[in-house]
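> after the sequence you'll find the predicted model.
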Amino acid sequence: MRLKGKVAIVTGATRGIGRAIAVRFGQEGARVAVVGRSEPEGLETVRQIEEAGSEAIFIQADVSDKAQVDAMVQKVLEKWGTIDILVNNAGICPFAEFLDITEELWDRVLDTNLKGYFLCSQAVARVMIEKGVKGRIIAVSSISSEFGGRQQAHYCASKAGINLLIKSMAIALGPYGITCNAVLPGTVETDINRHVLAQPEVRAYWEKRAPLGGIGRPEDIAGPVLFFASDDASWCTGSMLVVDGGTSVFLQ
Ligand code: NAP
């Protein structure tokens, strides 16, 4: 029960890594606002948190839209009166060759992955400061923030932006006792990449790349995010924690 009584928002918690984080937070005693666009999938995450013995609500919101983000934060305040933890996780990766990335696609990726993290962080930080909460803001970035990737120029640029957004937020929000950290996952099988990992040669490549073997599960990312949300990480801010089974230290 490392988050007993805390109020947490997890964006992109309708599926994948976000759902695993939200459910883990629920198991640790947090009350969780599950944010995303798909209601049936969001309600399934709520059900799993309730089954784990905690409280949860689903809030439908597009994180790239300021009005929807502000309304989402307001709903959390109406329900629980405060916010202790924000996990920025909602993201998309529509694979495309560099020469095929249209302006519309570029904007959609940057608006979701980078602007969405900014909008949610600013709205929540304002609440934390007003209420004197020494809160936790955590970003799910990617090892793609440090390395270029095939068909991922827009995605890699958005993730690199997240890292420096988080470091700059750590400077701005440190005086209020608010910590800002990022987790950088390697390849984790979810809806974002399932169709790519279905190709046997791609799957074999990623399985071989990680010294710890295999491809990560969403639950492998939930623990490191929990660490930053917990009291154990009270002196961590601006940290970038790579969680990739060793993929990025293995040159081959
Ligand atoms: P996923 O299963 O496709 O989940 C993405 C989540 O983001 C969904 O819950 C989706 O919910 C939500 N989302 C997307 N656009 C949104 C928007 N505009 N507003 C609100 N919610 C939105 O993918 P995932 O792998 O779990 O990805 C989660 C995070 O991990 C992303 O930031 C991703 O970049 C990062 N990551 C993933 C991997 C990996 O290998 N899987 C590796 C490194 C980093 P709705 O569709 O319901 O809105």
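Received the coordinates, thanks. Numbering: from 1, shown residues only.

> does the ligand sit close to the helix or strand where Val183 lies?
With the criterion set as DSSP states H and E, the secondary-structure element containing Val183 is strand 179-185. Yes - counting by CB under 6 Å from any ligand atom, contacts between strand 179-185 and the ligand involve Pro185. Yep, even glycine has a C-beta here, placed from its N, CA and C like the rest.

> tell me, how many neighbours does Gln199 end up with?
The burial metric for Gln199, expressed as a neighbour count using other CB atoms under 10 Å, is 10.

> how near is it to Val35?
Computed as CB to CB, to the nearest Å, the Gln199 to Val35 distance reads 31 Å.

> which stretches of the protein form strands?
Counting by DSSP state E, the segments of the chain that form strands are 7-11, 31-36, 56-60, 85-88, 136-140, 179-185, 240-243.

> turn those into TSV, including distance to Gly213, mean pLDDT and mean neighbour count.
Putting the strands of the chain into TSV (distance: least, CB to CB, whole Å; pLDDT from 0 to 100; neighbours: other CB atoms under 10 Å) gives the following:
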stretch	distance to Gly213	mean pLDDT	mean neighbour count
strand 7-11	28	99	29
strand 31-36	31	99	28
strand 56-60	33	98	20
strand 85-88	27	99	29
strand 136-140	22	99	28
strand 179-185	16	99	25
strand 240-243	15	98	18
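
> turn those strands into CSV, columns for distance to Leu165.
Putting the strands of the chain into CSV (distance: least, CB to CB, whole Å) gives the following:
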stretch, distance to Leu165
strand 7-11, 14
strand 31-36, 18
strand 56-60, 23
strand 85-88, 9
strand 136-140, 7
strand 179-185, 9
strand 240-243, 12
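
> so for Ala153, which of those sits nearest?
Proximity of those to Ala153 was assessed by CB to CB; the nearest stretch is strand 179-185, lying at 18.1 Å.
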